[in-house]
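Visitor: only geometry, no sequence info:
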């Protein structure tokens, strides 16, 4: 579907929104995580978690782009082979 986000990424962003709402409604969760991870300020923890989230999304997208580039290369090569076969068959038929 052109112009639409895939379900995988929609669910990912929705999960992020839920986590942020949980942090807003229950701020003590942030404080507990802050103490566990030995971070000075809760806002730094939230920023760090968001940064890690964005890095994971970028990694996922990079993997997807790499796979699509490989697929495009393979399809281009297959297309060239098929075009050559068609040309060879046309030459063979026109030679008779």
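Guide: Done, it's in. Source: prediction; values computed, not measured.

Visitor: Relative to the whole chain's centre, how far out is the host helix or strand of residue 56?
Guide: Per DSSP states H and E: residue 56 is located in helix 42-95. A distance of 12 Å separates the centroid of the chain from that of helix 42-95, by Cα atoms, centre = their mean, to the nearest Å.

Visitor: For it, the averaged confidence score.
Guide: For helix 42-95, mean pLDDT is 94.

Visitor: 240 is where my numbering starts, stick with that
Guide: OK, 240 is where the count begins now, so the last one is helix 281-334.

Visitor: Going by contacts, tell me the helices and strands next to it.
Guide: helix 246-264, helix 266-276 (3 or more Cβ pairs under 8 Å, 6 or more residues apart in numbering; DSSP states H and E). For every residue, glycine as well, the C-beta is placed using N, CA and C.

Visitor: Output those as TSV; include the columns distance to residue 300 and mean neighbour count.
Guide: Shown next, in TSV, are those (distance: least, Cβ to Cβ, whole Å; neighbours: other Cβ atoms under 10 Å):
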stretch	distance to residue 300	mean neighbour count
helix 246-264	9	12
helix 266-276	26	13
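
Visitor: Next, name the residue at the spatial heart of this protein.
Guide: residue 300 (2.7 Å; Cα atoms, centre = their mean).

Visitor: Next one: it from residue 314, what distance?
Guide: 21 Å (Cβ to Cβ, to the nearest Å).
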